[in-house]
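need a 3D model of the sequence below.
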Amino acid sequence: MTLKEIHHTVRRPGRTKDHESVEIPVAEELATVPGIVKKDNDVAWYSRNYPIISQNIEKAADREWTWTVYTGEMYEYRKHHDEANKPLVEAAYVSGDKLPTSEPKAGTDVTEAIREKARELGFGEVGFTKYDRKYAYKSKKAWVKYEHAICLALEQDYWQTQTIPSMEAEFAHFGTYEQEGALALDLADFIRELGYRAQVHSPNDNSAAYIPMFVEAGLGQLGANGQLLSPHFGNRSRLMIISTDAIVTYDEPVDYGIHKFCEMCQVCVNRCPGRALVKEKVFWRGVEKHKLVYDRCRPVMATYEGCGVCMLVCPVQRYGMAPVMEHFVETGEVLGKGTDNLEGYEIRGKGYYGPGKLPSFERAFFEIPHGTKDEWLFTQFKQKIEEKGKVSEEEKQEFVDKLGDILAEDSVFDAGL
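Model (predicted):
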């Protein structure tokens, strides 16, 4: 016997091609809209007048600062990851220029051929939609070549992720990016063998805010933690896109019941070490969402191995969407809420925090640099003048050289943070 009335049931393919499909019951009180609530005219207006600037550019100062607060182990691992990942990013950057390697079969829709190949390669979620330039970054709009988006999510290791925040979890985080980058290049080659062009949008040199397109492709809904919650692994995945000119059929957005569920659950909001997540939704750039407080998130994320507590404590990540929604239908409760199994975590040097307990930080901990690379360079140069009264000719030349290097940068490479 169930406690809640079921509004509709969502059927999805299994977690991998070897798993059975799943059915996700959505309770009457959790049903809202397929995809997300948005005002299309507002989204378009912001895109025209205030195109999105990649955080790799807009927040470059604190991304450079991040390296100064890493532990020695994290610093060395990031260097190793960046070296391993850079060739994949560079290959993706020029992938749209490569020609097809065969002639296409006239009029043949290749959606399922691509989906099957992607699943064979290991992608857990695969969806098709329009590449929506309204969400493209200002620096990338001219780079994007093709109109169709293949949305791809690769699951990161379950057990490593449950150790968040830790180096073990970061091995899963960055290791998944390395694996995903290589698999995407293989999938692009397959698309060219079908007779079409394919442009790999690296997850480490993003061309856009990807989540809106994943939502349109029916692969999940936006959670209160600001991340995509997909059926099998919740937010425990890494997202990327391949755009193509192939003949494909678009998927449709789905109502998984996530919007109302997150409003009721609030575990990630209550467990965030930096108090960076907010309970109430706002309309931001035309989309209704929970807006992250960046300056409360970034210092914790940088200092404590990527943090990721909002990923760890999400019940959809921990247990899967079907068990979570089944439990709600049967009991009216959030699976795992209030338990150490879901909500507990340990912060290096501070200790263990169970339900209802949070770490505290000094005010200075949240003081991070702001701005683009050139803005941060100017700030540092100004501080040097204020401290010393004057600077040497060598220091002036060093400033000019660094500024020239920044202005000459073609593509922004971030390696996945």
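
what is the end-to-end distance of stretch 142-158?
Stretch 142-158 has its terminal residues 37 Å apart, counting by C-alpha to C-alpha, to the nearest Å.

for that stretch, what is the average pLDDT?
Mean pLDDT, computed over stretch 142-158, is 98.

what separation do you get for the residue nearest to Val313 when sequence neighbours are not counted and Lys291?
Leaving aside its chain neighbours, Val313 sits nearest to Arg271 (4.7 Å; criterion: C-beta to C-beta, 6 or more residues apart in numbering). To be clear about C-beta, it is placed using only N, CA and C from the backbone, and glycine gets the same treatment. Separation of Arg271 from Lys291 (C-beta to C-beta, to the nearest Å) stands at 18 Å.

and what of Asp245?
Using C-beta to C-beta, Asp245 is found at 35 Å from Lys291.

higher neighbour count, these two?
Neighbours around Asp245 and Lys291, counted as other C-beta atoms under 10 Å, are more numerous at Asp245. The numbers are 18 against 14.

wait, what's in contact with the more buried one?
Shown here is Asp245, whose contacts under the criterion C-beta atoms under 8 Å, 6 or more residues apart in numbering are 146-148, 196-197.

for it, phi and psi?
As for Asp245, its main-chain torsions (degrees, to the nearest 10) stand at phi -100, psi 10.

now do it, the pLDDT please.
The predicted local confidence for Asp245 comes out at a pLDDT of 98.

residue ranges of the strands in this structure, please?
Ranges of strands in the chain, per DSSP state E, are 6-12, 22-27, 125-130, 148-155, 198-201, 221-222, 228-229, 237-244, 282-284, 287-289, 345-347, 351-353.

just the buried subset of the contacts of Asp245, please.
Buried residues within those, counting neighbours by 16 or more other C-beta atoms under 10 Å: 146, 148, 196-197.

which one of those sits closest to Tyr345?
For the buried ones among the contacts of Asp245, the minimum distance to Tyr345 (C-beta to C-beta) is 40.0 Å, reached by His148.

residues in contact with the closest residue to His7 other than its chain neighbours?
Distance criterion C-beta to C-beta, 6+ apart; nearest residue to His7, sequence neighbours excluded, is Ala31 at 4.0 Å. Contact criterion C-beta under 8 Å, 6+ apart gives 7-8, 255, 257, 260 as the residues in contact with Ala31.

returning to what we had before: what residues are up against the residue nearest to Val313?
309-310, 313, 343, 345, 358.

among these, which pair sits farthest apart?
Longest distance between any two of those is 13.0 Å, between Cys310 and Leu358; criterion C-beta to C-beta.

could you check which of these two is surrounded by more residues?
Comparing Cys310 with Leu358 by other C-beta under 10 Å, the one with more neighbours is Cys310, at 27 against 14.

ok, and the closest non-adjacent residue to the more buried one?
Take Cys310 and drop its neighbours on the chain: the residue closest to it by C-beta to C-beta, 6+ apart is Asn225, 3.8 Å away.

the one you found: neighbour count?
The local packing of Asn225 (other C-beta under 10 Å) involves 26 other residues.

and what of the one 4 residues further on?
Counted by other C-beta under 10 Å, the residues lying close to Leu229 total 26.

separation between it and Leu222?
Here the criterion is C-beta to C-beta. By it, Leu229 lies 7 Å from Leu222.

what sits in contact with each of those two?
For the pair Leu229 and Leu222, residues contacting each of them under the criterion C-beta under 8 Å, 6+ apart are Ile258.

count of neighbours near His81?
Applying other C-beta under 10 Å, I find that His81 has 20 neighbouring residues.

what about it, distance to Met74?
For His81, the distance to Met74 under the criterion C-beta to C-beta works out to 10 Å.

what of Gly354?
Distance, Gly354 to Met74, by C-beta to C-beta: 26 Å.

who's more crowded, those two?
When neighbours are counted by other C-beta under 10 Å, Met74 comes out ahead of the other of Gly354 and Met74, with 19 against 12.

that one contacts Ala302, correct?
No: with the criterion set as C-beta atoms under 8 Å, Met74 and Ala302 do not qualify as a contacting pair; they are 9.5 Å apart.

if I look at the closest residue to Pro51 other than its chain neighbours, what pLDDT would I see?
Excluding its sequence neighbours, the residue lying closest to Pro51 (C-beta to C-beta, 6+ apart) is Lys138, at 4.0 Å. The confidence metric pLDDT takes the value 96 at Lys138.
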